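J.: Sharing a model prediction with you, sequence too.
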Amino acid sequence: MSYLTFALTKGRLADETMKMFERIGITCEEMRDKQSRKLIFINEEKKLRFFLAKGPDVPTYVEYGAADIGVTGKDIILEEGRRLYEVMDLGFGRCRMCVCGPESARQYLASNQLIRVATKYPNIAKDYFFNKRHQTVDIIKLNGSIELAPIVGLSEVIVDIVETGSTLRENGLGVLEEVCPLSARMVVNQVSMKMEQDRIRALIDMLRASQGTLL
């Protein structure tokens, strides 16, 4: 039997994924050692391999077949636009992608004015404004501290992930519109879904049963 390989997003998503796997009897003792410098972790009994990657890289590993299965955020899946199957909402890491800004920016949205939008997620922002709102905007790609953009006049609004909204409120900003809900998702390589369909389907069924709900 060949190995099934999983690409997991480093940090909280990987920890939550392994907790979910443990509930259905899938463990990987090697991953418990936080000091380990190993890159590949193996469960020899079940012929499973795991490795950790940055969230934006997970869909790439899955699309090109370096991993059969990946776990990453819905935001990453939407932004990357890779060819893969999104098979399951894992139910954790819940947050929202939103258009945010000062209250005064509502008028620009209401009147569909040409505005500047700062974001880490240019593809998501373009799809939302161009295809859903039918509003022409100037997208500005930033990599950090997106909330700063409307405060210093770089943009009228931002498109960013919102969990509690506390950072927005502390800086005089708020949620103006919700783009989409987000959470951790499981994705599968298109070829793997055909070649390992039985094993992957069995895994998905066990995970759904452990959640106590079908999607």
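T.: Happy to help now that I have it.

J.: so how far is the biggest strand by length in the chain off the chain centroid?
T.: Secondary structure of the chain per DSSP state E: the longest strand is strand 174-182. Centre-to-centre, strand 174-182 and its host chain are 15 Å apart (CA atoms, centre = their mean, to the nearest Å).

J.: Measure how buried the residue nearest to Met193 when sequence neighbours are not counted is and give me the count.
T.: Using CB to CB, 6 or more residues apart in numbering and skipping the chain neighbours, the partner closest in space to Met193 is Tyr85 (5.5 Å). Bear in mind the C-beta positions are built from the backbone N, C-alpha and C, glycine included. Neighbourhood size, Tyr85 [other CB atoms under 10 Å]: 15.

J.: before we move on, back to that, helices or strands up against the longest strand of the chain?
T.: Applying 3 or more CB pairs under 8 Å, 6 or more residues apart in numbering; DSSP states H and E, one finds that strand 174-182 contacts helix 74-80, strand 95-101, helix 106-110, strand 157-162.

J.: Of the ones you listed, which is nearest Arg201?
T.: Among those, the nearest to Arg201 by CB to CB is helix 74-80 (20.2 Å).

J.: Quick one: residues in contact with that closest one.
T.: Helix 74-80 is contacted from outside by 9, 55-56, 58-60, 86, 89, 97, 121-124, 127, 161, 180-185, 187, using CB atoms under 8 Å, 6 or more residues apart in numbering.

J.: Please put the alpha-carbon coordinates of it into CSV.
T.: Output of helix 74-80 as CSV, limited to C-alpha atoms (Å, rounded to 0.1, in the frame of the first residue of the first chain):
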residue,chain,number,x,y,z
LYS,A,74,-10.8,28.9,2.8
ASP,A,75,-9.2,32.4,2.3
ILE,A,76,-6.1,30.7,0.9
ILE,A,77,-8.1,28.4,-1.4
LEU,A,78,-10.0,31.4,-2.9
GLU,A,79,-7.0,33.5,-3.3
GLU,A,80,-4.7,30.8,-4.8
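
J.: domain parsing for this protein?
T.: Structural domains annotated on the chain: 4-93+183-211, 95-182, as defined by automatic domain parsing.

J.: got a list of what the closest residue to Ala209 other than its chain neighbours touches?
T.: Using CB to CB, 6+ apart and skipping residues adjacent in sequence, the residue nearest Ala209 is Ile24, 7.8 Å away. Ile24 is in contact with 203, 206-207, 209-210, counting by CB under 8 Å, 6+ apart.

J.: would TSV of those with pLDDT be doable?
T.: Formatted as TSV, the contacts of Ile24 follow (pLDDT from 0 to 100):
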residue	pLDDT
Leu203	93
Met206	92
Leu207	92
Ala209	90
Ser210	87
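
J.: Closest one of those residues to Ile140?
T.: Closest to Ile140, out of all of these and judged by CB to CB, is Leu207, at 38.8 Å.

J.: Off-centre distance for the longest helix along the chain?
T.: In the chain, taking DSSP state H as the definition, the longest helix is helix 197-211. Relative to its chain's centre, helix 197-211 lies at 20 Å (CA atoms, centre = their mean).
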